[in-house]
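Trainee: Provided below for reference: sequence and predicted model.
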Amino acid sequence: MTHRRYAIIAPGRNEAKFMRRTLDSLIAQSVRPAMVVVVDDGSTDESPAILAEYAAKHDWIRVVTRKDRGTRSVGPGVIEAFYAGLGTIKLDDYDYVCKLDLDLVLPQRYFELLMQRMEANPRLGCLSGRAYYPGPSNAAEDFAGELIPEAIGDEVTVGASKFYRVACFKQIGGFVRQVMWDGIDCHRARMLGWQVGSTPEPEARFIHLRPMGSSHGNIWKGRKRHGFGQWFMGTGLLFMTASAIYRLPRQPVFVGSLAIYLGYLESMMKRLPRYGDAGFRRFLRRYQLESLVLGKNRAAARAEARSSHHWNPNSPGEFEIPPSQGDAGRQIAAPSAPRSP
């Protein structure tokens, strides 16, 4: 029997401009979610009224309201809100769990296609489609104009749409409350023998209504924050330098790459805290060095082959929602994981 019960946890703050499009696309899904928990993270716009409207019409949409902390908090704040929603459901009642942003437009068969791919490959623990955002000439509601792909490879999932097998999510210990939570999770899953990635299928492409890295402050701040996140995750200087050079032609040309690199260097010089698992950082750096030589897809395949003997889909994991760290994003020790040989 095919199991397709999935729950969506959708944290958001002041998303009134976008959330109707996201919620309407969830309602239209060919395989509808069993539960959608929308976490209103202290919105001061029309979001509460919109959410109340949708929750009144659909008994599978639940709203959790958090206090206004005064500002958007990318990274730790988003995951705090995610856990506030996750704590209202029993995870074991579902086969899949998804962290979803509220500024997306999803195709009608989006979740059906993800589940089909995961059913065909039992080791596939986390999957997403590919994100596109409207180009400057694309103001139409149907997005018939230019669409610009967000830079993401086959080997990682998009942070705006993290679709997990519950078993995999529990085994990696959930998400870290810090910037780069959406990179750390992929590498931890791979350490444990799972495969992760994004599918390039046209039918799984979704629209990201707000460009990546622009939700808090501006693009410059967003890119510098990403540089800090790379430092926190454990990225090595050689890979970060190569990555910054590779990113130079991407929009915003030169400036975006420079901001990321400066964010990393400043974090390194200040000796800011890093992710608290040395074994994870070794695993990550081996993958990164191999990706410089072989490309990310081949490096990811090699990492998955090395860790395949760790894969145990029946392991219950030891997941519990970790106690709140607040919005400061303090260093978090990782749950134990086997070392890769």
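Mentor: Yep, it's here.
Trainee: where does this protein have its least confident helix or strand?
Mentor: Sorting the helices and strands of the chain by mean pLDDT, DSSP states H and E puts strand 147-149 at the bottom, at a mean of 82.
Trainee: after that strand comes which helix or strand?
Mentor: Going down the chain from strand 147-149, the next helix or strand is strand 161-165, by DSSP states H and E.
Trainee: which other helices and strands contact that following strand?
Mentor: Using 3 or more CB pairs under 8 Å, 6 or more residues apart in numbering; DSSP states H and E as the contact test, the elements touching strand 161-165 are strand 96-100, helix 110-120, strand 124-128. (Glycine included, C-beta is placed from N, CA and C.)
Trainee: now do stretch 57-71: everything it contacts.
Mentor: 23, 27, 32-44, 48, 51-52, 54-55, 77, 81, 84-85, 88, 327 (CB atoms under 8 Å, 6 or more residues apart in numbering).
Trainee: what's the offset of the lengthiest helix in the chain from the middle of its chain?
Mentor: Longest helix of the chain, by residue count under DSSP state H: helix 278-294. What separates the centre of helix 278-294 from the centre of its chain is 20 Å, taken as CA atoms, centre = their mean, to the nearest Å.
Trainee: pull out the CA atoms of that helix and give them to me as CSV.
Mentor: Written as CSV, here are the backbone C-alpha positions of helix 278-294 (Å, rounded to 0.1, in the frame of the first residue of the first chain):
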residue,chain,number,x,y,z
ALA,A,278,33.7,18.0,14.0
GLY,A,279,32.9,14.8,12.2
PHE,A,280,30.3,16.6,10.2
ARG,A,281,32.8,19.3,9.2
ARG,A,282,35.3,16.7,8.0
PHE,A,283,32.5,15.0,6.0
LEU,A,284,31.6,18.3,4.5
ARG,A,285,35.1,19.4,3.6
ARG,A,286,35.9,16.1,1.9
TYR,A,287,32.8,16.5,-0.2
GLN,A,288,33.6,20.1,-1.0
LEU,A,289,37.2,19.3,-2.1
GLU,A,290,36.0,16.5,-4.3
SER,A,291,33.4,18.8,-5.8
LEU,A,292,36.1,21.2,-6.9
VAL,A,293,37.7,18.4,-8.9
LEU,A,294,34.8,16.2,-9.9
